[in-house]
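[1] mind looking at a prediction? Sequence and model below.
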Amino acid sequence: MASLTCPDCGVKVQPEDLICFRCGANLPHAAEADDDVPTPTVSQKFIDADLERQRRGIATVVLRISFPTGNVDIPAGTSVLLGRDPAESLVAAAFARFDNVSRRHATVQVDDWGHATIRDENSTNGTYVNDDRVLPGTDVRLVDGDRVRLAADVTGSVSLQGDPDPASLSRNGTR
């Protein structure tokens, strides 16, 4: 490491010294990367994340599953767990009165390009897309117009809102 000296009197100084202890001169201080940079607020972090999603080209698609008890909206780049356990699922209230819906029933995910999938989370009474059973742990593509059923009682219709990639409108589409 190079030795530092006071620009006025030439005595050796330490890198962390702000003044020369011999002559009292102010020592040059190189600004560090984190000097004078305020900590970002929660809203700044959210705005930065939103700008990053736009920069990366995340679709403006929202997948909506309309259940009789209410709509579940899943924006591109996110996922939602469907089930009765309020500690696990943000939408647990929609399934609270259906005992045959598991606490952790299924996960719906919409990727950055607006392509949606559903995965059964080893539910007791099954997850169905257009009356075909979803194998536990297997992702099944969801497209506009599909019907999703949890167990025997809860059926919802799938719709894509926003500006979807045309490939997300058909089951055989590719990105």
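    It's in.
[2] only C-alpha atoms for contact and neighbour calcs from this point on.
    Noted.
[3] for stretch 128-147, buried residues please.
    128-129, 133-135, 139-144, 146-147 (16 or more other Cα atoms under 10 Å).
[4] which members of those residues are the farthest-apart pair?
    Greatest spatial distance among the buried residues of stretch 128-147 (Cα to Cα): Leu135 and Asp144, at 20.8 Å.
[5] given the longest strand along the chain, what are its sheet partners and their directions?
    Secondary structure assigned by DSSP state E gives strand 154-161 as the longest strand of the chain. Applying DSSP bridges, strand 154-161 is found paired with strand 62-67 (antiparallel), strand 147-150 (antiparallel).
[6] turn the ones you listed into TSV, columns for mean pLDDT.
    Shown next, in TSV, are the strands paired with strand 154-161 (pLDDT from 0 to 100):
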stretch	mean pLDDT
strand 62-67	93
strand 147-150	97
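[7] among those, which is the most enclosed?
    Ranked by mean neighbour count under mean count of other Cα atoms under 10 Å, these are led by strand 147-150, which reaches a mean of 22.
[8] pull the distance from it to the chain's centre.
    The chain centre lies 24 Å from the centre of strand 147-150; the measure is Cα atoms, centre = their mean, to the nearest Å.
[9] got it, and stretch 129-143?
    22 Å.
[10] Gln44 belongs to a helix?
    Yes. Judged by DSSP: H, G, I helix; E, B strand; the rest coil, Gln44 forms part of a helix.
[11] and it, how far from Asp153?
    Plainly put, Gln44 is 43 Å away from Asp153 if you go by Cα to Cα, to the nearest Å.
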